[in-house]
Structures are given as C-alpha cells and as structure tokens.
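Asker: model the following, please.
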Amino acid sequence: NDHSSSESSGDIFARAMEEYSVAFQIGRMVADNVEDDETNEIEEEEHPSRRRSSLSNALKNGTAESHEAAENVHFVKNFIHGKIDRELYQELVAGLYHTYLCLESLLNSLGPKHFPTLHFAKELSRIDALREDMEYWHGTGWETDPKCRNPSPAVKDYIDRMEEVSRMDPLLLLSHAYTRYLGDLSGGKVLSRIARRALNLNGYDGLQFYNFESIPSAVAFKKKYRTALDELALKPDQMGRLVAEANVAFALNMRVFEELDVRGKVPGARLRPVREALSYYDRIIDQQKNQNANDQEEAKCPFGFKEGPNPHNNTPGPSNNKTPEANVMKASKAKEPASRCPWPFVFFHDPAQGMKDWQTWFIVGIVLCWCWSQL
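Answerer: Numbering: from 1, shown residues only. Below is the predicted model of the structure:
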C-alpha cells in the first residue's frame with residue numbers, strides 16, 4: 001500500500017479513532033446508500049479504509065460494530081433517507097448544545113495545560129453556532145425554557161462522563177473532542193444538506209452547527225490536527241485507553257439517538273444501560289492491569305536483575321485479549337526493547353538461553369583446546 005508506507009502509527013491511530021464518530025459513520029452510510037455528487041464528497045475528503053496498516057486493522061472490528069450499531073437506530077436510518085421529524089430534530093439540537101457547552105468548557109479549562117497543541121478553540125468551537133440554532137428552533141426565550149435549560153437523561157449521562165474523565169485523566173477528553181469535531185467536519189456537510197432538504201430550510205438557517213466558518217478547508221485542517229496528534233508522545237497504555245474512551249463516546253452518543261427513538265415511540269426502541277456504554281473503558285483497564293501483572297511475573301528474575309521489561313528475553317505466550325484496544329497496546333508494546341538476565345546466571349533458570357550465548361561457546365572452546373593440549 002503506497003499510502004500506508006508514508007503514514008506513521010500516530011497518524012493511522014488518529015484516522016482509526018475518527019471512525020468512532022457518529023457523524024462520520026452516518027456520512028459514510030449516506031455515501032453507501034445514495035448515489036449523487038454531493039454524497040460522494042465525503043469519499044473524496046476522507047476514506048480511512050483506503051489507508052490500512054496493522055494498527056488500523058486492530059481497530060477495524062470495533063469500527064465495524066460502531067457502523068452496525070448506528071444502522072440499527074431508527075432515527076439514524078430515517079435521517080439517511082431524508083425523513084426527519086422536526087420535533088425530534090429540535091431535541092437533537094438541544095442535546096448538542098448541552099454536550100458542547102460541557103465539552104468546550106472542559107477543553108478551555110484543561111486543554112492549554114494537558115494538550116496545548118491540540119486545543120483549537122477558535123477554529124472548532126460550536127457553542128456560538130448552537131446558540132443561533134437554539135434560537136432558530138426554540139425561539140428567542142429558549143434560555144429560560146425548562147425544556148431547553150435542562151439536558152435529557154441520555155445527554156446528562158454523557159455530560160457526567162466527560163466531567164468524570166476530566167477529573168480522572170484529562171487526556172481522555174481528546175477521545176471526545178476528536179470523535180466529535182473531526183467527525184462533524186467529515187460528515188457535517190452531507191448531514192446539513194440532508195437536513196436542509198428534509199426540513200425545507202434556507203442556507204444555514206437552523207444548521208449553523210455544521211458551518212465551520214473559521215475552517216476554509218476541512219481536509220487541510222484535519223491533516224493539521226492529525227499531525228499534532230501524531231506528535232503527541234503516547235505510551236501504549238495511553239493509546240489503548242484513548243481508543244477505549246472513543247468507544248465510550250460513540251456509545252454515549254448512540255444512547256442520545258436511542259432516546260430519540262423512545263421519545264418518538266418507535267416500536268421496540270430501548271435505551272441501553274449507561275453501564276453498557278462505560279464498559280468499553282472498564283474492560284480495557286482490567287486488561288491492562290492483567291497484562292501489567294503478567295509482564296511483571298515474566299520479568300521476575302531469581303537473582304534480582306531488573307534491567308528491562310523482560311530480563312530473560314523470553315517471548316510472552318499468546319494473549320486472550322481480542323478487543324481492538326488490546327491489539328493497539330500489543331502492537332505498540334512489540335516495539336519495546338527487551339533486556340535479559342546476564343551470563344552465566346541465566347544457566348540456573350534458563351539453560352536453553354545460556355547455550356545460545358557466545359560466552360558459553362567461548363568457554364567450551366577454551367576447554368577443548370586445553371584437553372587437546374593434554375593429549
């Protein structure tokens with residue numbers, strides 16, 4: 001693959017993370033279902049499946065599940081086909097307002113300190129655009145309307161999660177920022193066109209959310225953002241947690257759409273438990289703890305040598321971790337240099353390795369020479 005050879009692991013990691021965005025997935029689904037020049041634009045702007053490597057392949061299964069999950073939500077399926085309920089869309093806008101109000105407050109507070117090179121407040125901020133959309137859909141007094149002032153239960157769960165990770169590990173906010181903003185840039189144009197036609201709107205009336213006035217070229221900006229992410233020094237465990245949190249972000253956003261199905265009284269609609277959404281992150285944390293415990297056990301030397309992640313230079317056995325996040329960590333950890341227990345102590349617990357060492361055969365040669373001289 002000519003493209004893959006020119007991409008670093010960080011850049012591919014960024015592209016794979018973007019596939020967890022709801023807006024990006026819906027845009028791709030539109031391109032798959034509708035054949036016209038406008039929907040083809042998303043394929044020209046971005047199609048991560050064209051650029052695959054071992055790291056993005058590790059994430060492929062997770063993004064496929066995300067795509068399937070989006071297709072199973074009634075509101076999303078109707079949106080793709082241009083069937084949009086005005087009242088439900090108004091609720092969606094209100095949910096976006098509360099989501100971005102929280103996200104941008106946290107990013108403005110923590111971004112400059114924890115990831116300054118990835119904090120693009122001027123270019124990406126959506127809150128002013130969403131205030132315009134709220135006024136369009138809910139009237140001039142929307143800020144005092146209880147229905148607009150208080151987030152829905154599903155949106156509140158998402159807000160609670162962002163606030164939780166901001167206290168627990170601020171770096172995880174990148175998962176929410178990336179999957180939201182870069183996904184909106186990738187699929188936003190297509191979604192705004194569908195909404196404009198379905199709701200009979202003019203220009204960006206009621207659709208300012210999709211209008212990134214400070215970004216003249218979405219393609220150029222996304223390349224700039226990915227470069228900044230590529231230059232971020234990420235440890236394998238951090239990368240795994242970021243991907244896991246991107247999964248959480250996607251699931252929490254899907255719960256917002258599921259809630260709209262419930263409110264729209266769609267037969268069989270249900271709102272998945274919030275713990276199900278959060279389990280993606282909990283699972284990878286458990287896997288990391290188990291992996292770290294296994295690494296420490298494998299690295300234990302009876303003579304007290306602790307010169308690296310694997311002092312005996314042993315190859316760990318096969319892992320049972322099948323999740324994309326675990327595969328990301330495994331691919332990253334494969335690059336770590338290994339150290340080993342020194343000769344001749346290695347003979348006491350790893351004779352096979354000792355027989356491979358040059359020192360062993362040097363001594364064997366000296367002994368053979370001495371024996372020969374005695375004949």
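Asker: and for G264, the neighbour number?
Answerer: 15 (other CB atoms under 10 Å). No exception for glycine: its C-beta is placed from N, CA and C like everyone else's.
Asker: quick one, phi psi at it?
Answerer: Torsion angles at G264 (phi, psi; degrees, to the nearest 10) stand at phi -80, psi 0.
Asker: which residue, other than its chain neighbours, is closest to it?
Answerer: Leaving out its chain neighbours, the residue that sits closest to G264 by CB to CB, 6 or more residues apart in numbering is L88, at 5.6 Å.
Asker: show the subsequent helix or strand relative to the helix or strand harbouring the one you found.
Answerer: Element membership of L88, judged by DSSP states H and E, is helix 86-114. With elements assigned by DSSP H and E, the helix or strand that comes after helix 86-114 is helix 121-124.
Asker: so which bits of that next one are buried?
Answerer: Neighbour-count burial for helix 121-124 flags L124 (criterion: 16 or more other CB atoms under 10 Å).
Asker: which strands and helices sit next to that helix?
Answerer: helix 86-114 (3 or more CB pairs under 8 Å, 6 or more residues apart in numbering; DSSP states H and E).
Asker: now do the helix it packs on, average pLDDT.
Answerer: Regarding helix 86-114, the rounded mean pLDDT is 97.
Asker: quick one on the thing from earlier: other SSEs contacting the helix holding L88?
Answerer: helix 121-124, helix 127-138, helix 146-149, helix 153-168, helix 173-177, helix 183-199, helix 236-263.
Asker: please tabulate those helices in a markdown table, including the columns distance to E213.
Answerer: Output for the helices and strands packed on helix 86-114, formatted as a markdown table (distance: least, CB to CB, whole Å):
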| stretch | distance to E213 |
| --- | --- |
| helix 121-124 | 9 |
| helix 127-138 | 8 |
| helix 146-149 | 24 |
| helix 153-168 | 25 |
| helix 173-177 | 19 |
| helix 183-199 | 12 |
| helix 236-263 | 24 |
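Asker: out of those, nearest to L101?
Answerer: Of all the helices and strands packed on helix 86-114, the one in closest proximity to L101, counting by CB to CB, is helix 127-138 (5.9 Å).
Asker: quick one: mean pLDDT for the closest one?
Answerer: Averaged over helix 127-138, pLDDT sits at 97.
Asker: so which elements touch that helix?
Answerer: So helix 127-138, by 3+ CB pairs under 8 Å, 6+ apart, packs with helix 86-114, helix 146-149.
Asker: where along the stretch 251-375 of the chain do the helices fall?
Answerer: 274-299, 324-333, 351-354, 358-374 (DSSP state H, counting those that start in this stretch).
Asker: deepest-packed of the ones you listed, please.
Answerer: helix 324-333 (a mean of 22; mean count of other CB atoms under 10 Å).
Asker: name the SS class of E213, please.
Answerer: What DSSP: H, G, I helix; E, B strand; the rest coil gives for E213 is coil.
Asker: least confident of the helices of the stretch 251-375 of the chain, on average?
Answerer: Mean pLDDT values for the helices of the stretch 251-375 of the chain show the minimum at helix 324-333, a mean of 54.
Asker: among the helices and strands packed on helix 86-114, which comes closest to K224?
Answerer: Closest approach to K224 among those (CB to CB): helix 121-124, 9.3 Å.
Asker: may I have that closest one as CSV, with CA atoms only?
Answerer: What follows is helix 121-124 as a C-alpha-only set of coordinates in CSV (Å, rounded to 0.1, in the frame of the first residue of the first chain):
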residue,chain,number,x,y,z
ALA,A,121,-10.8,26.7,20.4
LYS,A,122,-11.2,29.4,17.7
GLU,A,123,-11.4,27.0,14.8
LEU,A,124,-13.6,24.3,16.3
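Asker: quick one: contacts of that helix?
Answerer: Outside of helix 121-124, the residues within contact range by CB atoms under 8 Å, 6 or more residues apart in numbering are E104, L107, N108, G111, A177, Y181, F212, S214, I215, F221.
Asker: which residues sit in contact with the second one?
Answerer: Same thing as L107. H119, A121, L173, A177.
Asker: could you check how far the second one is from D157?
Answerer: What that stands for is A121. Computed as CB to CB, to the nearest Å, the A121 to D157 distance reads 25 Å.
Asker: for the first one, same thing?
Answerer: Between H119 and D157 the distance is 25 Å, computed by CB to CB.
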